[in-house]
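# take this sequence and fold it.
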Amino acid sequence: MTDSKYVLSFDPGKSSGIALGHYTETQPYHLLRAWQFSGGAMGLIDWIKHKHVSGPMTIISEKFTPRPNGKFGLTLASVESLVGEGVLLAFDLMPPYTPSESRWQQPQMQYFVGGKDKTEKRKRLKKFLKDTDNYVFGKELGQPDNEDAVSAIAHGIAYVMKVELNRPTHSMVADWKGPK
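Alright, predicted model coming up:
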């Protein structure tokens, strides 16, 4: 008998996505629940207070990396992720950032099924999540889209595959045939 391990993954921002998945030594990552909500840091604080994050689980988060917009400047909306990271630190859900801390995931880590540009990478990722029963629609989340939840789910899978070195999750990704 193998015990389930749980991973709670965050994609904080102006709109935040959160995913709870589990895996075992013999079973790949499987999404149990996803959330997506607006409200920036205050929305994240509200979620944490009402969901009572606890129990034996690994918590991971996407790490903000500055990416210039069209005018090569950051906006208040684009740096809301940093404020969300501060919330995760303040609630002691994440450790301080260091480049070697694997629980902080770089944004590109979510694109583990390839693609030539961001649009194709995103399309392939969503197809993979649908094909492996790890997808959630915006309507299910009560949101106009699912972009942040998709990122959170993908970060959870990437962590389980690349950091925890879970063979079944690696096989699930390697065996995927791609879009038809």
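# and the strands in the chain, which stretches?
In the chain, the segments counted as strands under DSSP state E are 5-11, 15-23, 30-38, 58-62, 104-105.
# what packs against the second one?
If I follow you right, that is strand 15-23. Packing contacts for strand 15-23, counted by 3 or more Cβ pairs under 8 Å, 6 or more residues apart in numbering; DSSP states H and E, involve strand 5-11, strand 30-38, helix 40-51, helix 147-162. Quick note: C-beta positions are derived from backbone N, CA and C, even for glycine.
# from the chain's centroid, how far away is that strand?
Distance, stretch centre to chain centre, for strand 15-23: 6 Å (Cα atoms, centre = their mean, to the nearest Å).
# now tabulate the strands of the chain in JSON lines and tack on mean neighbour count, distance to residue 94 and mean pLDDT.
Converted to JSON lines, these look like this (neighbours: other Cβ atoms under 10 Å; distance: least, Cβ to Cβ, whole Å; pLDDT from 0 to 100):
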{"stretch": "strand 5-11", "mean neighbour count": "23", "distance to residue 94": "8", "mean pLDDT": "97"}
{"stretch": "strand 15-23", "mean neighbour count": "24", "distance to residue 94": "13", "mean pLDDT": "97"}
{"stretch": "strand 30-38", "mean neighbour count": "18", "distance to residue 94": "17", "mean pLDDT": "97"}
{"stretch": "strand 58-62", "mean neighbour count": "22", "distance to residue 94": "5", "mean pLDDT": "97"}
{"stretch": "strand 104-105", "mean neighbour count": "22", "distance to residue 94": "7", "mean pLDDT": "96"}
